[in-house]
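*Asks:* the following comprises the amino acid sequence and a computationally predicted model.
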Amino acid sequence: MASNSFGEVLRLTTFGESHGPSIGGVLDGFPPGIFIDTAFIQKEMERRKPGQSDLTTSRAEADEVHILSGVFENVSTGAPIAFLIHNRDQRSEDYTALQHVYRPGHADEVYDLKYGLRDYRGGGRSSARETAVRVAAGAFCKLLLQKENLILFSYVHSIGDIHLTTPPMEVDSIQIETNAVRCPDQVKASEMIKQIELAKANKDSLGGQIMTVIKNVPIGLGDPIYQKLNARLAYAMMSINAVQGFEMHRGFERTGWNGSENNLFETGISAGISNGKPIVFNVAFKPTSTIAQLQKAKNTEGETVTLEAAGRHDPCVLPRAVPIVEAMTALVLADAMLMSKSQRI
């Protein structure tokens, strides 16, 4: 399999499968002399890990990050940072019935067609379990970005038909972690929680949107043409499981404006390069594909069968996806920052 690496100057390579013994990563190009706060890294992992509330999968994983190299006495050395996250709570027997059946909305069939085989235990490499590695790597990058006084946060903007109406620049980021759904509006959060609980009771699932705000962005991140900062952010977000859309600075809404109106609207990226103003973008997630309702599915013989999927899955991925979006954003920004520093004497 190719395409397991992300980044240019700062490059993350991930490995491992959902039901293998471990997952992990190698973060190469990370500069020396950065204090590595392992408690902070673990706190970031706590935000993504399964089993954190009744709204998430019941899979119980500690998601402890074991650093193997690149850090000495809590300081980065400049060598590749390698780390492991052990899988402790796999229940592979839950997936036996899927050995010859393709789940609707999943990578099962295309993996089989492309590679000639697949790991049916939770999707193997295509599982969102891999995103735990990204959150760990993103935590390292956040420690690097702290030197730039950069502020970065993501939050649940909508779930189902419930939308937050607070403008992104007016959101109180302190409120994000005060509820299980990670929405900074407590009233809307309660409504979202009830909607997720109802979907779960009906053996169904929900999608939604995650908004990201970045402040104090250094001027000059991103390059013209193929390394535009907005293009790199879009690429990063679209690599996350279940992501279906990406929008910067109300981009779709602005297609209906006049040029005179649009030119008055401030954005944080000009011609693909950060201009120092805040950056705001929105990411759309589809409803979780694996649900326990009876569904039509196709088996490996091409026959239509009835499937009632087993296993442990989130009825809505949005609450746990917030730290994933932040992590991928941090990876893009840290890579762009290091690239920018290498371009001027």
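*Replies:* Looks like it arrived, so ask away. Numbering: from 1, shown residues only.

*Asks:* how many residues are close by the closest residue to residue 200 other than its chain neighbours?
*Replies:* Leaving aside its chain neighbours, residue 200 sits nearest to residue 315 (4.0 Å; criterion: C-beta to C-beta, 6 or more residues apart in numbering). Quick note: C-beta positions are derived from backbone N, CA and C, even for glycine. As a burial measure, residue 315 scores 24 neighbours (other C-beta atoms under 10 Å).

*Asks:* just checking, residue 315 touches residue 55?
*Replies:* Yes - at 7.0 Å, residue 315 counts as touching residue 55 under the criterion of C-beta atoms under 8 Å.

*Asks:* residues shared between the contacts of those two?
*Replies:* Common neighbours of residue 315 and residue 55 (criterion: C-beta atoms under 8 Å, 6 or more residues apart in numbering): 196, 200.

*Asks:* remind me which residues of the protein are low pLDDT?
*Replies:* Counting by pLDDT under 70, the ranges of the chain that qualify are 1-2, 57-60, 89-95, 310-312, 345.

*Asks:* and if we set it to 80?
*Replies:* Per-residue confidence for the chain (pLDDT under 80) gives these ranges: 1-2, 50-54, 56-61, 89-98, 121-124, 308-313, 343-345.

*Asks:* now do the helices in it.
*Replies:* 38-48, 108-115, 131-145, 186-201, 229-238, 251-254, 259-262, 318-341 (DSSP state H).

*Asks:* next one: the fourth one to chain centre, how far?
*Replies:* From the chain centre to the centre of helix 186-201 is a distance of 21 Å (C-alpha atoms, centre = their mean, to the nearest Å).

*Asks:* which elements pack onto it?
*Replies:* Helices and strands touching helix 186-201, by 3 or more C-beta pairs under 8 Å, 6 or more residues apart in numbering; DSSP states H and E, are strand 151-159, strand 162-163.

*Asks:* just checking, what packs against the last one?
*Replies:* Translated: strand 162-163. For strand 162-163, the contact count by 3+ C-beta pairs under 8 Å, 6+ apart identifies helix 186-201 as packing neighbours.

*Asks:* angle of the helix it packs on against helix 318-341?
*Replies:* Computed with axes from the mean of the first three to the mean of the last three C-alpha atoms, to 10 degrees, the direction of helix 186-201 lies at 120 degrees from that of helix 318-341.

*Asks:* export helix 186-201 to PDB, keeping only CA atoms.
*Replies:* As requested, the backbone C-alpha atoms of helix 186-201 are provided in PDB (Å, rounded to 0.1, in the frame of the first residue of the first chain):
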ATOM      1  CA  GLN A 186     -24.800  24.400  25.900                       C
ATOM      2  CA  VAL A 187     -28.400  24.700  24.700                       C
ATOM      3  CA  LYS A 188     -27.500  23.400  21.200                       C
ATOM      4  CA  ALA A 189     -25.300  20.800  22.700                       C
ATOM      5  CA  SER A 190     -28.200  19.400  24.700                       C
ATOM      6  CA  GLU A 191     -30.300  19.200  21.600                       C
ATOM      7  CA  MET A 192     -27.500  17.500  19.700                       C
ATOM      8  CA  ILE A 193     -27.000  14.900  22.400                       C
ATOM      9  CA  LYS A 194     -30.700  14.100  22.500                       C
ATOM     10  CA  GLN A 195     -30.700  13.700  18.700                       C
ATOM     11  CA  ILE A 196     -27.700  11.300  18.800                       C
ATOM     12  CA  GLU A 197     -29.300   9.300  21.600                       C
ATOM     13  CA  LEU A 198     -32.500   9.000  19.500                       C
ATOM     14  CA  ALA A 199     -30.500   7.800  16.400                       C
ATOM     15  CA  LYS A 200     -28.600   5.300  18.600                       C
ATOM     16  CA  ALA A 201     -31.900   3.900  20.000                       C
END
